[in-house]
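1. Below: sequence and its predicted model.
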Amino acid sequence: MTVTEAPAERLIRIGEVARGAGVSVRAVRYYEQQGLLVPRRSPSGQRLYRQDAVALVRFFQQMFAAGLTSRRIAELLPCWDSGHTDAEQRAMLRAERDRIQARVDDLQAALDRLDQVIAITDTHP
């Protein structure tokens, strides 16, 4: 009986992660320092990441843009990784969602007001 090994997972370097996610290499290093990304190391010491690191970095960028801290993002990672949450995590996720929705609503109101100003100024050359 022959045992077959699963093909080795292709790992990518830090520059590939940065390019794929549209961020700087420095940003990827920051995420590592914050404990959000954990690279493997090549025999020569180069950082090597799983391919899903690109999607994770994009997620981090979205969450930072929404006002979450790196600490809060770290609290979200188990939900991302496993897809399972406990009651406390679900409450935190809902609270963050409500906070972000309130920001979206505020931004929409500001956009609506700007549209009104633009409409007024378009009628007065």
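-> Nice, I can see it. Residues are numbered from 1 along each chain as shown.
2. Just give the nearest non-adjacent residue to residue 38, would you?
-> residue 32 (7.2 Å; C-beta to C-beta, 6 or more residues apart in numbering). For every residue, glycine as well, the C-beta is placed using N, CA and C.
3. Which helix or which strand is home to the one you found?
-> Using DSSP states H and E, residue 32 maps to helix 25-33.
4. now do residue 19
-> Applying DSSP H and E, one finds residue 19 within helix 14-21.
5. What of residue 107?
-> Short version, using DSSP H and E: residue 107 is in helix 87-122.
6. Check which helices and strands that helix sits against.
-> helix 70-82 (3 or more C-beta pairs under 8 Å, 6 or more residues apart in numbering; DSSP states H and E).
7. I'd like to know the average pLDDT value across the helix it packs on.
-> Across helix 70-82, pLDDT averages out at 83.
8. what's that helix in contact with?
-> 31, 34-36, 56, 59-60, 63-64, 68, 85, 89, 92-93, 96 (C-beta atoms under 8 Å, 6 or more residues apart in numbering).
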